[in-house]
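Engineer: the following comprises the amino acid sequence and a computationally predicted model.
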Amino acid sequence: MKKLILLLFFLPLAFVAFAQSGNNDILFTTSGEIIQGKVVKVTSSTISFSYPGESLVNEVSTADLQKIVFSSGRTQSFSAASGTAATPAEAPKEIIASAPENNPIPREEIFLGPGSIDNNKLVVVPSSFNKNGTFDKDTSSKITQFATNYLTQTNQSLPIEVQDMPKTISMLVDAGIGFQQLATSPVDKLQGALKAEYLVIIEVNETQNQSKPKSSGFYDDAPAQTSESSLRYDIELVVYGGQGKEKYSSKLADERSFQSDVASAGQEGWKTGLKYVLDQVLTSANL
C-alpha cells in the first residue's frame, strides 16, 4: 500500500518535470555528458548555447558533440573526427532511429529546468524616434507602447504572446541593458535577456519642411502665396527570429503637405504609417 502511495505521489511530479523540458535542446557530448539548454548559434566549428534560466552564452566545439536533439524533435548529428555537422544522408541510421518524433530522449536523461527562450513570444524592443535628427524620448516611448498594444489587439487568432512594455523594460534593466546599449547589443543577446524568439525593432524619423510664403512682385497685383509645410516619416521595422536571424523587414516613407501650422497638423502623424507596417508583421509567412 505504501509503495502504491509513493508511486502515485512521484508520477505527477515526473510528468510535470518532463513537460517543462519541452522547450530545451539536448546536447550529447562524445564523452557521454548530456547538456540541456537552448542553442542560439550554430557554426561549422562551434555551438553556442545558454543553460536553462541563464542569459550567458557558452560555446562547445562540434568535435566534442555526438548530436543535438532540438526541442522541435529534430536531431542534428556530428562527425567526431572532422567536427562538422553530418548531413542527413551521412547520419548513422541507428542514431536517427533512436530519436522518436514525440519522445526524442528517455525521461531519465533529462536535466529538469525552465526553458531559456519562449518560442512563441514576441517583444517590441524600445523604439527610436528622431525629429529632424534629434532623439525624442517621450515619442519613442509612445511608439513602443502603441506598437505593443496594436500587435496585441491584432494577435487574437495566432498562438503568439506579445509581451507588455513594462515587463520588457524590467527585463532589460535586470540584464544591465540600457537604451544606449540597445543599438550595439547583438540580437541574440537581446533574445536571451528578453527570453523571446521574436523581436520587433522599430525606428521612426520625422522631417519637417516649411517653405516661406512668396510675396507679390512690384507689378504683380496677385496676393502673396500662403506658406506650405510638409512632414515626412521614414519608418523602418525589422523582425528577428530564432538565433538572431532576420525574418521580416519593411521600410515606408510617408510624406504629407499642409497649408497650416506643421506642428499641429503633424501631431502623432507617424501612427498611420506605423499601422501599415505593423499590419504586415503577424501576417508574414515567416512567423
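Structural biologist: Noted; the coordinates are in hand.
Engineer: where do the strands sit along the stretch 1-150 of the chain?
Structural biologist: Using DSSP state E, counting those that start in this stretch, the strands found in the stretch 1-150 of the chain span residues 25-29, 34-42, 46-50, 58-61, 65-69, 75-77, 118-124, 128-131, 134-135.
Engineer: actually the stretch 151-287 of the chain, sorry about that
Structural biologist: 161-162, 196-210, 229-240, 246-258.
Engineer: looking at those, which is nearest to Ser72?
Structural biologist: strand 196-210 (11.9 Å; Cβ to Cβ). From N, CA and C alone the C-beta is placed, and that goes for glycine too.
Engineer: so who does the closest residue in space to Val187 that isn't next to it in sequence touch?
Structural biologist: In space, and not counting its chain neighbours, Val187 is closest to Gly244: 3.7 Å by Cβ to Cβ, 6 or more residues apart in numbering. Contacts for Gly244 (Cβ atoms under 8 Å, 6 or more residues apart in numbering) come out as 40-41, 186-188, 191.
Engineer: burial check on the closest residue in space to Val239 that isn't next to it in sequence, number of neighbours?
Structural biologist: Excluding the flanking residues, the one nearest Val239 by Cβ to Cβ, 6+ apart is Tyr248, at 4.2 Å. Tyr248 has 20 neighbours, counted by other Cβ atoms under 10 Å.
Engineer: hmm, Val238 and Tyr248 touching each other?
Structural biologist: Yes - between Tyr248 and Val238 a contact is recorded at 7.4 Å, counting by Cβ atoms under 8 Å.
Engineer: show me what contacts Thr139?
Structural biologist: Counted by Cβ under 8 Å, 6+ apart, Thr139 has contacts 129, 131, 204, 270.
Engineer: possible to save those residues as JSON lines with neighbour count and pLDDT?
Structural biologist: As requested, the contacts of Thr139 are exported to JSON lines (neighbours: other Cβ atoms under 10 Å; pLDDT from 0 to 100):
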{"residue": "Phe129", "neighbour count": "22", "pLDDT": "95"}
{"residue": "Lys131", "neighbour count": "14", "pLDDT": "93"}
{"residue": "Val204", "neighbour count": "23", "pLDDT": "96"}
{"residue": "Trp270", "neighbour count": "23", "pLDDT": "93"}
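Engineer: and the furthest pair within those?
Structural biologist: Farthest apart among the contacts of Thr139 by Cβ to Cβ are Lys131 and Trp270. That separation is 10.1 Å.
Engineer: find residues that contact each of the two.
Structural biologist: In contact with both Lys131 and Trp270: 139, 206, using Cβ under 8 Å, 6+ apart.
Engineer: which stretches of the protein have low pLDDT?
Structural biologist: Flagging of the chain using pLDDT under 70 yields the residue ranges 1-22, 79-116, 156-158, 211-227, 259-267, 284-287.
Engineer: that one: helices as residue ranges?
Structural biologist: Assigned by DSSP state H, the chain shows helices spanning 2-20, 93-97, 137-153, 165-174, 179-182, 187-194, 262-265, 270-279.
Engineer: quick one: Leu278 and Asn58, what's the gap?
Structural biologist: According to Cβ to Cβ, to the nearest Å, Leu278 and Asn58 sit 36 Å apart.
Engineer: when those two are compared, which one has more neighbours?
Structural biologist: Set side by side, Leu278 and Asn58 show more neighbours around Leu278, with 20 against 13, by other Cβ under 10 Å.
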